[in-house]
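Colleague: I would like the atomic coordinates for the input below:
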Amino acid sequence: MIQSFFRCVRTSLVLCLVFVALQLAVGLVLAVVIVGAQATGSTSFTLPATYLAVALLASDVLCAWAVKAKGLIEWRQAFDVCRTPWHVAPLAFVGAVASIMAIGLATELANLPDDMAAEFQTLAQNSWGLLALCVVGPLVEEVVFRQGMIGDMRRHGAGMWMSILVSSFLFGVIHFNPIQVPFAMAMGVVLGLLYWHTGNLVMCTLLHMFNNTMTAIQTNVNPDFMLSDWLGGVAPSLACVAAGFGIAYWCFRRLKWV
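Modeller: Numbering: from 1, shown residues only. Predicted coordinates for the structure are as follows:
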């Protein structure tokens, strides 16, 4: 049984390691470039937003290439808009957005440290950073964690929940930032359900882009905004969390996804 499990998840573990390794490698190259630029006095000691954005874009492109090179994706099929079951979109998106808002609010109430707040704000205020955060990043993460991981585990006979939970766990882990890890894990479950039941990456990629775009907008408009404070404290926030999960469950149940 253990051997069967590791046979199913082996490719997912490799993809996760490749994803992290490429980010670290590109980050190292970026650090060398910055140190060299600082030595010549051509840049400040503050990490330039464009350099950080380009590093993210480069690592994303390399990750997408790795998934393609391993034969884990057929791009036309993965993003075939015509074969996307749009009739489920209204309930699917209502359920997904309700669950993501509930997850975000619950994460906010947990008051976890945000070690990447400054970097995210820097990227959100830069055009290249917005491209990396709101378009390329979500697309590549869906390719790696949904198509690459869930798709491979499914082909090896893994069930829906095993495939989704493994990919969601790895999706959370690679974010490293304490406040993002539980949110990404829970969001990965929602995105995994969308991928599993729609058969391609169109809806889950759109939802991922929507989530990151709204976060970037909030960061630019009011970075100190706390939804729990706006709702009036812990008690009403917990009620909203319960309501959000309730709406999500009802929607997914109506679709017979859970």
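
Colleague: what about the stretch 151-258 of the chain, any weak spots by pLDDT?
Modeller: For the stretch 151-258 of the chain, no stretch has pLDDT under 70.

Colleague: where do the helices sit along it?
Modeller: 151-155, 160-173, 180-198, 202-221, 227-231, 234-254 (DSSP state H, counting those that start in this stretch).

Colleague: Report the angle between the third one and helix 160-173.
Modeller: Computed by axes from the mean of the first three to the mean of the last three Cα atoms, to 10 degrees, the angle separating helix 180-198 from helix 160-173 equals 150 degrees.

Colleague: Determine the angle, from 0 to 180 degrees, between helix 180-198 and helix 202-221.
Modeller: Using the same axes, to 10 degrees: helix 180-198 against helix 202-221 is 150 degrees.

Colleague: if we can go back for a sec, would you mind giving the helices of the stretch 151-258 of the chain as a markdown table with distance to residue 24 and mean neighbour count added?
Modeller: Quick note: C-beta positions are derived from backbone N, CA and C, even for glycine. A markdown table is the format used below for these (distance: least, Cβ to Cβ, whole Å; neighbours: other Cβ atoms under 10 Å):
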| stretch | distance to residue 24 | mean neighbour count |
| --- | --- | --- |
| helix 151-155 | 23 | 20 |
| helix 160-173 | 14 | 20 |
| helix 180-198 | 17 | 22 |
| helix 202-221 | 22 | 18 |
| helix 227-231 | 33 | 14 |
| helix 234-254 | 35 | 16 |
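
Colleague: for the ones you listed, which one sits closest to residue 62?
Modeller: Judged by Cβ to Cβ, the one of the helices of the stretch 151-258 of the chain that comes nearest to residue 62 is helix 160-173, at 17.8 Å.

Colleague: chain center to that closest one, what's the gap?
Modeller: 12 Å (Cα atoms, centre = their mean, to the nearest Å).

Colleague: Which residues does it contact?
Modeller: Defining contact as Cβ atoms under 8 Å, 6 or more residues apart in numbering, one finds that helix 160-173 is touched by 8-9, 12-13, 16, 141, 145-146, 149-150, 153-154, 158, 180-189, 192-193, 196.

Colleague: re the thing from before, can you put the helices of the stretch 151-258 of the chain in CSV and add distance to residue 115?
Modeller: Listed next are the helices of the stretch 151-258 of the chain as CSV, based on distance: least, Cβ to Cβ, whole Å:
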stretch, distance to residue 115
helix 151-155, 30
helix 160-173, 15
helix 180-198, 9
helix 202-221, 15
helix 227-231, 20
helix 234-254, 23
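
Colleague: And the ones you listed: which comes nearest residue 106?
Modeller: Per Cβ to Cβ, nearest to residue 106 of the helices of the stretch 151-258 of the chain: helix 234-254, 5.0 Å.

Colleague: Does anything pack onto the closest one? Which helices or strands?
Modeller: Helix 234-254 is packed against helix 89-110, helix 227-231, with contacts defined by 3 or more Cβ pairs under 8 Å, 6 or more residues apart in numbering; DSSP states H and E.

Colleague: what residues does the last one touch?
Modeller: Which is helix 227-231. 104, 105, 108, 109, 234, 237, 240.

Colleague: which two of those lie the greatest distance from each other?
Modeller: Largest separation among the contacts of helix 227-231 by Cβ to Cβ: 104 and 234, giving 15.2 Å.

Colleague: Model confidence at residue 31, what's the number?
Modeller: At residue 31, the model reports a pLDDT of 72.

Colleague: Toward the C-terminus, what is the element adjacent to the helix or strand containing it?
Modeller: Assigned by DSSP states H and E, residue 31 falls within helix 2-39. Following helix 2-39 in sequence order, the next helix or strand is helix 49-69 (DSSP H and E).

Colleague: Next secondary structure after that next one?
Modeller: helix 75-78.

Colleague: which residues touch that following helix?
Modeller: 68, 83, 143, 147, 200, 201.
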